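In: Sharing a model prediction with you, sequence too.
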Amino acid sequence: MRKTRVLSSLAVAAALAGCATPRPWIIETDYESPSRGTTTNFEPIAIDIPAGRASDAIYIWGRQTGANYLYDCKDVEGVNTPALQTLVQHPEDALRSLFEGTDLTFIEVNIGSYVIVRAR
C-alpha cells in the first residue's frame, strides 16, 4: 500500500510540474531504510557528498537519507553540485544546500518523497 501511495504522489507531482510527456525518469525508492529525519525521528543525518554531477549527488543523498526521489534525466543533465559534508535534521536541508547556485529545485510530495525539477 505504501509503495503505491508514494509512487502515485510522485506521478501527480511530476504532472503538476509540467513533466507529463514520456521522457527518461529516474525513480529511486528505498523502503528498507529507516525514515531517518523524515517523520518523528529527528536524529541528525550525516551527509558526505563529493562535488560532481547532480545525478551522482542525488543518488548518494538518497542513500544517505533514506529518502525517495524522482527526476527527469534531462533536468539534471549537465548540472554539477558542490561537495557537501554536514549534519542535517531533514533530507530537504541537504537538497537545498546541494542545489544552491543551480537551477534545480524540489517538491516534497509525501513525507520523505521528493520530485526534483529544473526551475522554470
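Out: Arrived safely, thanks for sending. Numbering: from 1, shown residues only.

In: Name the helix or strand for the closest residue to R118 other than its chain neighbours, please.
Out: Leaving aside its sequence neighbours, R118 sits nearest to D75 (Cβ to Cβ, 6 or more residues apart in numbering; 4.4 Å). From N, CA and C alone the C-beta is placed, and that goes for glycine too. Assessed by DSSP states H and E, D75 sits inside helix 73-76.

In: tell me what that helix is packed against?
Out: Secondary structure elements in contact with helix 73-76, counted by 3 or more Cβ pairs under 8 Å, 6 or more residues apart in numbering; DSSP states H and E, are helix 54-65, strand 113-118.

In: So which of these is the most surrounded?
Out: Counting by mean count of other Cβ atoms under 10 Å, strand 113-118 has the highest mean neighbour count of the helices and strands packed on helix 73-76, with a mean of 23.

In: what's that strand packed up against?
Out: helix 2-16, strand 68-72, helix 73-76, helix 91-99, strand 104-110.

In: Note down every partner strand of that strand and its orientation.
Out: Next to strand 113-118 in the sheet, as set by DSSP bridges, lie strand 68-72 (parallel), strand 104-110 (antiparallel).

In: average pLDDT for that strand?
Out: For strand 113-118, mean pLDDT rounds to 95.

In: hmm, back to that, for the residue nearest to R118, give me its contacts.
Out: For D75, the contacting residues are 104, 116-118, by Cβ atoms under 8 Å, 6 or more residues apart in numbering.

In: Show the pLDDT at it.
Out: 95.

In: Then the one 10 residues further on?
Out: The predicted local distance difference test score for Q85 is 97.

In: Output the strand or helix carrying it as CSV - backbone C-alpha positions only.
Out: Element membership of Q85 [criterion: DSSP H and E] is strand 84-88. Provided in CSV are the C-alpha atoms of strand 84-88 (Å, rounded to 0.1, in the frame of the first residue of the first chain):
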residue,chain,number,x,y,z
LEU,A,84,28.6,18.7,0.9
GLN,A,85,29.7,17.5,4.3
THR,A,86,27.3,18.3,7.1
LEU,A,87,24.7,17.1,9.6
VAL,A,88,21.1,17.8,8.7
